[in-house]
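Student: Got a predicted model here, sequence first, then my questions.
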Amino acid sequence: MPPHRLNPAASRAAVTGDRGELRLAGGAGVYSERLGAFFLSAFRLSALPAALLDTDRRILCVNDAMAALLGVPELPPQGRKLEELFDYNDREPILAAMALPVDRRCELDVRLQLGSLTRPHRLVLTRPSPDAGCLVAELHERRGESSLAATGGGQAGYSAIGLALMREGVIETDEQGLVVGMNERAEELTGWPRARALGQTHERVLRLMSPEGPSRNPVRLCLQGGAARISSEHQSLTRDGRRLNLRCSAGALLRADGDISGAVVVFEDYTRMSLLSEELAYRSTHDPITGLLNRDEFERRVNLALARSRSEGSEHLLCYIDLDQFKVVNDVHGHFAGDEMLRQIAGVFRASLRPEDALARLGGDEFGVLLENIRVSEGMPLLESLLEAASNNRFVWEGQSFGTTASMGAVTLNPRTPDSSRAMSLADAACHAAKEDGRNRVRLAEDNDEAARRYNQMSMVARINRALDHNQFSLYYEDVVRADALGEVVYRELLLRIRGERGEIQPPAEFIAAAERYYMMSALDRWVVNAALDGIAWRNDGIIYALNISGLSLGDRRFLDYVVDRIHESGVMPQQLCFEITETAAITHLSEARAFIERLAELGCRFALDDFGSGMASFSYLRNLPVHYLKIDGSFVRSMQANRLDRGMVEAINRIGHDMGLKTIAEHVEDQELVDALRGIGVDWVQGHAISKARPFEELLGG
């Protein structure tokens, strides 16, 4: 037995003899009074830390639970005074509590001293018999039960009072397994009144169910083999039909000659704790709104499926789903409506899948589906049925009806799939490609399609971080001239470029999309502002220098403060600075864009609305944005000679701009014929390859 457990001799003394003699540690005499073996066995088997004390407050014996709690102290607990185990400030209240009437119980909050640390407990003191003189001390993690009523004297009385101390149920049997005693807690946990239980078999009163079968009944094992202690967990069925989860500890009762006289079983109910544990386990793997699997559990299952694919050669289909109308419902009607829509569509998806298919909510309005052991030819029709089920569903809220179409991206899991993260990213990218294709469709990711291109953006994130760390970005510029005086440069747009590992310049399309997708544009915008102001400070040429600002930076108050501080530090005239904001970013972040423009305009900075005309409500938003220049979207300018509608858009934008007192700038002017046409329309300034190609800003500074 480990050194922190009870001394075997002391332990045996507590359960031997007809009535059981309790001995002090070390065998220093016999404590004169006797307690029932039933009580002493229950004391020893109890899961609650407990100690028996003599009239001098010295510890006669501790049970295994108390020994385990104390560990291996420098001085063994036997023979020590109880108050010495606790914090110094608790000792006086403990001494006062020990002046305890017979059959009464005292509870107080104390701090158990464990080396240099203390641990809070509830100390419960009880005097179990009028003439035994000893006290029982128990330590509880929480409050004990209310006061106990007095009972009769004698051994039966002593046992009844002592057993009433136990928070666990206690049942005593004879050598044949018939119930000869039980406490009130046992009556509660079995549903059997004591008067009806006496004489019944213990299996009938305490109906234990175990996966290993009835042969694992702890009481029966003790009666058959005389085991000192058996601990196990079981489900039990009470007499009134309740199912409980019990922790049981059983031990044999021995006569003086060593024969088995019966057994004692102590059991506690941990059903509530078990249910709480199950609920916590459920919550850790399921989404609280829809009840579907959550992202962590879904990714775990994807990893398991991929592992099986590699070991067995099986094939699975992974699908990423994005609802098309969720944002409208959520923004217009609020989160309650959005949550209800998610719950409804989750039920629609679940009903359309096989029972073995995994369905998860990954976050927001995004769902994941894992179809295991299925080929693409079989899985794609199943995903198409999901689309159809979603399309046939209508979400109704406050009298308004909304469609619940979805966009889906799918990817196969097979032995060639590198890892689950790449598979999830490819499925996500395929889903975005499906949205761009027109929504309400499923797109299968293949090696050379849009989904693969989106995945490649992820690898660009590390490249961007490396470029920021090692200053591998560069500024280029394009001249903007007057349409009626092509030799007069009035405006220069500064453009961001990144240098490759060998010094080659990579076009912005390769990294801007990745930076926008993975929320890195604010870091790039800071780099541009810093580098541009450092360069412009060396020139005082009266030309306006334009910097592009992303929508993400518009909503960042810290970025605005950074720009203001850098303008003051650089000494650049604010009138030389123009910030270009795309129409889409301005509309998406309208209030932030106004705040950004108004504060910098107070300093004298100017603003241009870039790609104007590409949005759905350009003109209605224009009057809410105090800008100075309109940059006509290049898609209209390039084709205006061949398309009368595009020419009409250019003319309309130019006219509206002039009516509002704004300068108009045509982008993507590729040839002289376009220059002449724009001059005829009355566009103020032009920009594009017909004027100048992008050149390094540092060359301009060097000149």
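Tutor: All right, it came through fine. Residues are numbered from 1 along each chain as shown.

Student: only C-alpha atoms for contact and neighbour calcs from this point on.
Tutor: Will do.

Student: Show me the shaky parts of the stretch 51-200 of the chain.
Tutor: Scanning the stretch 51-200 of the chain for pLDDT under 70 picks out 71-76, 101-104, 115-117, 128-133, 141-166.

Student: for it, what spans make up the helices?
Tutor: Using DSSP state H, counting those that start in this stretch, the helices of the stretch 51-200 of the chain run over residues 64-70, 91-97, 154-164, 184-190, 194-197.

Student: and the shortest one, how far out from the chain's middle?
Tutor: So that's helix 194-197. Between the centre of helix 194-197 and the centre of its host chain there is 50 Å, according to Cα atoms, centre = their mean, to the nearest Å.

Student: Can you name every helix or strand that it contacts?
Tutor: Judged by 3 or more Cα pairs under 8 Å, 6 or more residues apart in numbering; DSSP states H and E, helix 194-197 is in contact with strand 179-182.

Student: again, only using 6 Å
Tutor: Packing partners of helix 194-197 (3 or more Cα pairs under 6 Å, 6 or more residues apart in numbering; DSSP states H and E): none among the helices and strands.

Student: What residues of that helix count as buried?
Tutor: Arg194, Ala197 (16 or more other Cα atoms under 10 Å).

Student: my read: Arg44 touches Asn63, true?
Tutor: Yes - using Cα atoms under 6 Å, Arg44 is in contact with Asn63, at 4.8 Å.

Student: And these two? Which one has more around it.
Tutor: The residue with more neighbours, out of Arg44 and Asn63, is Arg44; 26 against 23, by other Cα atoms under 10 Å.

Student: wait, what's in contact with the more buried one?
Tutor: Asn63 (Cα atoms under 6 Å, 6 or more residues apart in numbering).

Student: And the pLDDT at it?
Tutor: pLDDT, Arg44: 76.

Student: so what pLDDT did the nearest residue to Leu560 once chain neighbours are set aside get?
Tutor: Counting by Cα to Cα, 6 or more residues apart in numbering, Leu560 lies nearest to Phe596, which is 6.8 Å off, once chain neighbours are set aside. Phe596 carries a pLDDT value of 92.

Student: Tell me, how many residues neighbour Phe596?
Tutor: 19.

Student: cool, Gly258 as well?
Tutor: Gly258 has 11 nearby residues by other Cα under 10 Å.

Student: For whatever helix or strand the residue nearest to Leu560 lives in, which outside residues touch it?
Tutor: Using DSSP states H and E, Phe596 sits in helix 590-603. Here helix 590-603 makes contact (Cα under 6 Å, 6+ apart) with Leu554, Gly555, Ala586.

Student: quick check: angle from whichever helix or strand comes after it to helix 590-603?
Tutor: Using DSSP H and E, the helix or strand that directly follows helix 590-603 along the chain is strand 606-612. Strand 606-612 runs at 140 degrees relative to helix 590-603, counting by axes from the mean of the first three to the mean of the last three Cα atoms, to 10 degrees.

Student: mind exporting strand 606-612 as PDB, just the C-alpha atoms?
Tutor: Extracted in PDB, the C-alpha atoms of strand 606-612 (Å, rounded to 0.1, in the frame of the first residue of the first chain):
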ATOM      1  CA  ARG A 606      -8.300  66.300 -51.600                       C
ATOM      2  CA  PHE A 607     -10.300  63.200 -52.600                       C
ATOM      3  CA  ALA A 608     -11.100  61.300 -55.700                       C
ATOM      4  CA  LEU A 609     -13.900  58.700 -56.100                       C
ATOM      5  CA  ASP A 610     -12.200  55.900 -58.100                       C
ATOM      6  CA  ASP A 611     -13.900  53.500 -60.600                       C
ATOM      7  CA  PHE A 612     -17.000  55.600 -60.600                       C
END
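
Student: and Ala68, how far is that from Ala42?
Tutor: Distance, Ala68 to Ala42, by Cα to Cα, to the nearest Å: 17 Å.

Student: Have a look at those two and say which one is more surrounded.
Tutor: Ala42 (30 against 15).

Student: For the residue lying closest to Thr582 once chain neighbours are set aside, which residues are in contact?
Tutor: The shortest distance from Thr582 to any non-neighbouring residue, by Cα to Cα, 6+ apart, is to Asp610 (4.3 Å). Contacts for Asp610 (Cα under 6 Å, 6+ apart) come out as Glu580, Ile581, Thr582, Glu583, Lys631.

Student: try Val266
Tutor: Counting by Cα under 6 Å, 6+ apart, Val266 has contacts Gly169, Val170, Cys248, Ser249.

Student: And the strands in the stretch 201-350 of the chain, which stretches?
Tutor: For the stretch 201-350 of the chain, strands defined by DSSP state E, counting those that start in this stretch occupy the ranges 207-209, 230-237, 243-254, 260-269, 316-323.

Student: Now distance to Arg517 and mean pLDDT too, for those, in a markdown table please.
Tutor: Formatted as a markdown table, those follow (distance: least, Cα to Cα, whole Å; pLDDT from 0 to 100):
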| stretch | distance to Arg517 | mean pLDDT |
| --- | --- | --- |
| strand 207-209 | 56 | 86 |
| strand 230-237 | 52 | 84 |
| strand 243-254 | 51 | 86 |
| strand 260-269 | 53 | 87 |
| strand 316-323 | 16 | 93 |
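
Student: now for those, which one comes closest to Leu475?
Tutor: Closest approach to Leu475 among the strands of the stretch 201-350 of the chain is made by strand 316-323 (37.3 Å; Cα to Cα).

Student: still on that earlier bit, would CSV of the strands of the stretch 201-350 of the chain with distance to Glu569 be doable?
Tutor: Shown next, in CSV, are these (distance: least, Cα to Cα, whole Å):
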stretch, distance to Glu569
strand 207-209, 78
strand 230-237, 72
strand 243-254, 71
strand 260-269, 71
strand 316-323, 46
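
Student: Figure out which of these is closest to Pro626.
Tutor: The nearest among the strands of the stretch 201-350 of the chain, by Cα to Cα, is strand 316-323 at 35.4 Å.

Student: Run through who's touching the closest one.
Tutor: By Cα under 6 Å, 6+ apart, strand 316-323 touches 365-374, 406-413, 427-428.

Student: Okay, now the sheet partners of it, with direction.
Tutor: strand 366-371 (antiparallel), strand 406-413 (antiparallel) (DSSP bridges).

Student: Quick one: mean pLDDT over the last one.
Tutor: Spelled out, it's strand 406-413. pLDDT averaged over strand 406-413 gives 92.
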